[in-house]
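1. Whatever this is, show me its structure:
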Amino acid sequence: MPYSASASRQIHFTSKGGGYSAIWMGSKGDLYQEYLQNGSAVTYYPAISSSAPITMNLTVTSARTQGVVVPAAVRYFANGTELSFNTAGACTTTGMTAIFKKDSSGNLVIIGNLGNVVLGSFLLEAIVSMSGTTGTDTLHVSAPVTLVPYTGTDTAKVTIAPGDAKNFTISEKGGSCVLKALTMKGGQEITSGLTYEWYKFSGGAFTKLAVTTQTLTVNEPDVDTYSLYKVIVKENGAELGFDIQGVLDASDPYDIIISSGYNPGTTGASTTSTNDLTLDDEMTDAAYLEFTCQFVKRGQTATVSGTAVFTFTVVAGNGLKVWNPATLSGNKCRVTVKDFKDYGSGVGDYEIIAEGTLS
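-> Reported below is the predicted structural model:
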């Protein structure tokens, strides 16, 4: 019988990917604030404080083991500045002490308005060290922060937040996790008069589900290692906004290991292994990232025997399919700087999703 699995890697256009997958998500969904500036005074919507914090939950799974794995160490960065903490978890980095802390589990907690880092969009980053049988592996994950001028109730922001404590991860057979759509207007969550449409990404496209409630329960059989979900929120029939979110199934017996390499676009240059999945528009158009897939049984590193067929899709942060990279040698694909210029919508975050079947 055929087996299926999916995996993804995040690309930033302006992880030692390998056998690791990670979800790093705020307890209230995407990191988004609006601000109203009056001279030197700035008001934020919604406000973030020690009494209304956001916890950045980090979940890491590995194709080499069953279930969720615990990092050996995690380093956090805000807008490129590494954050330091004392033994009590208080941030000691100059200018950041009232914005961040760590909880007892080592998660980054946001306790102040993100515009106090920089009044504009930036990245929070985590460099995760994983202890492996052959040494330490490194996984790079990021969380975009969006700060925009306050628009009152004229516009809405939709985000998918964890609807339970599982952080979009299914860790056991027969398990499930919950996705919850949050809609913000004027810095306040609204629920009255809203309708919801949920979609699942499969076969290179989003397919509409029958669920129309604010929450979506994803069951273990629904996910082949990794699946991407999308919600569209409407008010009086008019679309307010949408968001996408991935779900990991750490219990699936099969997984796809994705290794990544970089080529600067120089003729004759070889592709070198990289942990940094970043391209930018100052690179030559021919510079590319190359991804190689390997079908494995979870807990093992040997390629599973059989015929593996892979398809690749690049999905933008707004949930729209951008393009299907050409498959090379059956289990590889490349994305170039020119691809993002031709097909993409400019700088931002994208996911490359590998869907595989084994027969």
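2. For the host helix or strand of residue 142, buried residues please.
-> In the assignment (DSSP states H and E), residue 142 maps to strand 135-149. Across strand 135-149, burial judged by 16 or more other CB atoms under 10 Å covers 137, 138, 139, 140, 141, 142, 143, 144, 145, 147. All C-beta spots, glycine's among them, are computed from the backbone N, C-alpha and C.
3. What is the nearest of the residues you listed to residue 47?
-> Distance to residue 47 across the buried residues of strand 135-149 (CB to CB) is lowest for residue 147, with 12.9 Å.
4. Show me where the stretch 101-250 of the chain has its strands.
-> 108-110, 122-132, 135-149, 156-162, 169-170, 176-185, 188-190, 194-202, 205-208, 215-219, 226-235, 238-249 (DSSP state E, counting those that start in this stretch).
5. now the angle from the last one to strand 194-202?
-> Strand 238-249 runs at 40 degrees relative to strand 194-202, counting by axes from the mean of the first three to the mean of the last three CA atoms, to 10 degrees.
6. Make 38 the first number, not 1, from now on.
-> Yep, numbering from 38; the last one is strand 275-286 now.
7. Strand 275-286 pairs with which strands, and in what direction?
-> Sheet pairing for strand 275-286, assigned by DSSP bridges, gives strand 206-207 (parallel), strand 263-272 (antiparallel).
8. report the angle between the axes of that strand and strand 213-222?
-> Between strand 275-286 and strand 213-222, the angle comes out at 150 degrees (the same axes, to 10 degrees).
9. Equivalent analysis for the longest one, please.
-> On the basis of the same axes, to 10 degrees, strand 172-186 is oriented at 30 degrees to strand 213-222.
10. So which elements touch strand 172-186?
-> With contacts taken as 3 or more CB pairs under 8 Å, 6 or more residues apart in numbering; DSSP states H and E, strand 172-186 sits against strand 40-50, strand 57-63, strand 68-75, strand 91-99, strand 159-169, strand 385-395.
11. of these, which approaches residue 196 most closely?
-> strand 68-75 (6.7 Å).
12. Tell me, please, the helix or strand in the chain that averages the lowest pLDDT.
-> Ranked by mean pLDDT, DSSP states H and E, the helix or strand of the chain with the weakest confidence is strand 40-50, at a mean of 52.
13. Not counting residues beside it along the chain, what's closest to residue 135?
-> In this structure, residue 135 finds its nearest non-sequential neighbour in residue 149, 4.7 Å apart by CB to CB, 6 or more residues apart in numbering.
14. what number of residues lie near that neighbour?
-> Residues near residue 149, counting by other CB atoms under 10 Å, number 20.
15. Which neighbouring residues are in contact with it, exactly?
-> Residues in contact with residue 149 (CB atoms under 8 Å, 6 or more residues apart in numbering) are 85, 86, 87, 135, 136, 137.
16. Was I right to think the first one contacts residue 91?
-> Just to be clear, that refers to residue 85. Yes: with contacts defined as CB atoms under 8 Å, residue 85 counts as touching residue 91 at a distance of 6.0 Å.
17. what sits in contact with each of these two?
-> With CB under 8 Å, 6+ apart as the test, residue 85 and residue 91 both reach residue 147.
18. Identify each buried residue in stretch 292-308, please.
-> For stretch 292-308, the neighbour count (16+ other CB under 10 Å) marks 292, 293, 294, 295, 296, 297, 298, 299, 300, 308 as buried.
19. so who does residue 199 touch?
-> For residue 199, the contacting residues are 62, 64, 94, 205, 214, 215, 216, 217, by CB under 8 Å, 6+ apart.
20. The spatially most central residue of the chain pairs with what?
-> For the chain, the residue lying nearest the average C-alpha position, counting by CA atoms, centre = their mean, turns out to be residue 60 (5.7 Å). Note on residue 60: beta-bridge partners by DSSP bridges are residue 96.
21. and if you look at the one 10 residues further on?
-> Under the criterion DSSP bridges, residue 70 forms beta bridges with residue 184.
22. and the host helix or strand of residue 295, what other elements does it pack with?
-> Secondary structure from DSSP H and E places residue 295 in strand 291-300. Contact here means 3+ CB pairs under 8 Å, 6+ apart; on that basis strand 291-300 packs against strand 40-50, strand 309-310, strand 325-334, strand 385-395.
23. mind running it again at 6 Å?
-> For strand 291-300, the elements it packs on are strand 40-50, strand 309-310, strand 325-334, judged by 3 or more CB pairs under 6 Å, 6 or more residues apart in numbering; DSSP states H and E.
24. Note down every partner strand of it and its orientation.
-> Applying DSSP bridges, one finds strand 291-300 paired with strand 309-310 (antiparallel), strand 325-334 (antiparallel).
25. what distance separates the longest one from the centre of its chain?
-> Okay, so that is strand 325-334. Its chain's average C-alpha position is 18 Å from that of strand 325-334, according to CA atoms, centre = their mean, to the nearest Å.
26. Name the residues of it that come out as buried.
-> Applying 16+ other CB under 10 Å to strand 325-334 flags 325, 326, 327, 328, 329, 330, 331, 332, 333 as buried.
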